[in-house]
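Enquirer: turn this into a structure:
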Amino acid sequence: MIKTILLILIIYYSLRFLTRLFAPMLLKTVIKKAQKNRSQQEPQRQEGEVTIEKTKKNNSNQKGSKLGEYVDFEELEDHK
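Expert: As a prediction, this is how the structure comes out:
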């Protein structure tokens, strides 16, 4: 019983130590890969160059919208 608890504690603290040791290195490599992928995806532009990208506007006030129709309601008197 004591050997099992001692073994679990040793494994826990060794994993904790190794995580603190190797996690910063792992995060640095992940960040470098992400930056490299991002720089490859974006086209290289000269300094001072301006580009405007337009997107289609989706007008929500169009007829036939799928929002449904307005239903007027009347309040009913409460009969006690």
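Enquirer: avg pLDDT for stretch 26-37?
Expert: Averaged across stretch 26-37, pLDDT comes to 93.
Enquirer: got the buried residues for it?
Expert: Residues of stretch 26-37 classed as buried: none (neighbour count, 16 or more other Cβ atoms under 10 Å). Using the backbone N, CA and C atoms, a C-beta is placed for each residue, glycine as well.
Enquirer: how close does the residue most central in space within the chain sit to Pro43?
Expert: By Cα atoms, centre = their mean, the mean C-alpha position of the chain lies nearest to Ala34, the distance being 14.6 Å. Going from Ala34 to Pro43 by Cβ to Cβ, to the nearest Å gives 18 Å.
Enquirer: can you check Ile10 too?
Expert: In this view, Ile10 and Pro43 are 53 Å apart by Cβ to Cβ.
Enquirer: more neighbours: which of the two?
Expert: Ile10 (10 against 6; other Cβ atoms under 10 Å).
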